[in-house]
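Novice: Just need the structure, nothing else, for what follows:
(one chain, ligands or ions: 1)
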Amino acid sequence: MTSRKPIKKAVFPVAGLGTRFLPATKAIPKEMLPIIDRPLIQYAVDEAREAGIEQMIFVTGRGKSAIVEHFDIAFELEATMRERGKDLSILDSSRATPGDIITVRQQVPMGLGHAIWCARAIVGDDPFAIFLPDELMIGAPGCMKQMVEAYNEVGGNLISVLEVPMEEVSSYGVIDPGEANGALTEVKGLVEKPPRDKAPSNKIISGRYILQPEVMRTLEGQEKGAGGEIQLTDAMAKMIGQQPFHAVTFAGRRFDCGSKIGFVEATLALALEREDMGEEVRSMAKRLLD
Ligand code: UTP
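Specialist: Have a look, this model is predicted:
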């Protein structure tokens with residue numbers, strides 16, 4: 001196996017407007033909405049850490065400062081908790097190692113591809129991961145860890161995919177699959193939101209990527225695509241054939257927390273599984289259904 005540059009950097013695009021959650025997201029970033037007691041961004045950062053990633057690059061915009069504050073030390077809060085003899089370990093995962101959170105600004109939300117491009121100076125010449133924090137990926141090991149393991153085998157570019165019923169494909173980015181080997185499928189093409197009868201597969205792109213730094217140069221001169229936005233899918237599609245490109249079928253569950261139904265489903269599913277509240281939630285749900 002040839003040695004590959006390890007994946008140490010991750011980009012978290014968090015500059016979107018979150019219009020589907022208005023008015024909740026008028027003053028609070030969508031990524032700070034909690035699934036029970038952890039904000040969405042925390043699940044994504046924990047998944048990155050589990051995969052060995054050390055530098056978290058947030059692409060933020062106006063009104064998103066709460067995301068950065070979440071990973072800071074809350075001095076007054078901690079002092080008061082200490083005085084009252086409260087357990088501070090509950091805050092551990094929200095405390096960043098000094099220097100490992102970096103923010104760049106996307107002044108105008110011009111699309112996911114543009115948001116990623118805004119991180120080009122920090123990404124430099126390294127391969128890097130991308131996390132869309134509103135897609136909650138639950139698995140053991142986590143989704144990015146599964147992808148990093150695949151990357152160590154094949155290198156190049158990787159996207160996480162999962163299979164959906166054919167009638168749902170037109171809402172997503174879909175891969176044109178080549179040869180498959182276990183969880184790995186070669187990617188021959190990518191299509192954004194194809195009509196059902198034109199979709200090359202039912203494997204949809206979910207919100208985790210490992211990309212080579214060349215994607216930044218591809219994004220540089222890219223025209224606007226679907227919805228008048230600079231699309232990451234278009235830039236990735238251009239790299240196919242020039243560099244290895246694979247999809248990893250995620251062994252786990254994905255919740256689309258950018259939509260209200262997905263958000264409620266994630267909350268219920270995770271609450272039912274929690275040791276500290278699962279049973280109570282189950283009987284509450286039964287009561288409500290009756
Ligand atoms: P979405 O398509 O979910 O858009 O973006 P959104 O603005 O967050 O939400 P809605 O559709 O208005 O409700 C997918 C991811 O890309 C980021 C978002 O923050 C989200 O994590 N994004 C999107 C940016 O950072 N910048 C953009 O210009 C667009």
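Novice: mind listing what Cys118 touches?
Specialist: When contacts are counted by Cβ atoms under 8 Å, 6 or more residues apart in numbering, Cys118 touches 15, 59, 104-106. Any C-beta I mention is one placed from the backbone N, CA and C, and that applies to glycine too.
Novice: Out of the residues you listed, which end up buried?
Specialist: Among the contacts of Cys118, those scoring as buried are 15, 59, 104, 106 (criterion: 16 or more other Cβ atoms under 10 Å).
Novice: And the residue of the stretch 151-290 of the chain that's closest to the ligand?
Specialist: Gly258 (4.1 Å; Cβ to the nearest ligand atom).
Novice: and the nearest residue to that residue once chain neighbours are set aside, how many neighbours?
Specialist: When the adjacent residues along the chain are set aside, Gly258 lies closest to Asp134, with 3.7 Å between them (Cβ to Cβ, 6 or more residues apart in numbering). Asp134 has 25 neighbouring residues, counting by other Cβ atoms under 10 Å.
Novice: Start and end of stretch 236-256, how far apart?
Specialist: Length of stretch 236-256, first residue to last, Cα to Cα, to the nearest Å: 22 Å.
Novice: Look up how far Leu33 lies from Ala66.
Specialist: Per Cβ to Cβ, to the nearest Å, Ala66 is found 11 Å from Leu33.
Novice: More neighbours: which of these two?
Specialist: Per other Cβ under 10 Å, whichever of Ala66 and Leu33 has more neighbours is Leu33, with 19 against 15.
Novice: And the strands in the stretch 101-250 of the chain?
Specialist: For the stretch 101-250 of the chain, the strands defined by DSSP state E, counting those that start in this stretch cover 101-105, 128-131, 135-138, 157-163, 173-181, 184-192, 203-211, 245-249.
Novice: Would you mind listing what in the protein touches the ligand?
Specialist: 13-20, 30, 59, 106, 109-112, 114-115, 132-134, 258 (Cβ under 6 Å from any ligand atom).
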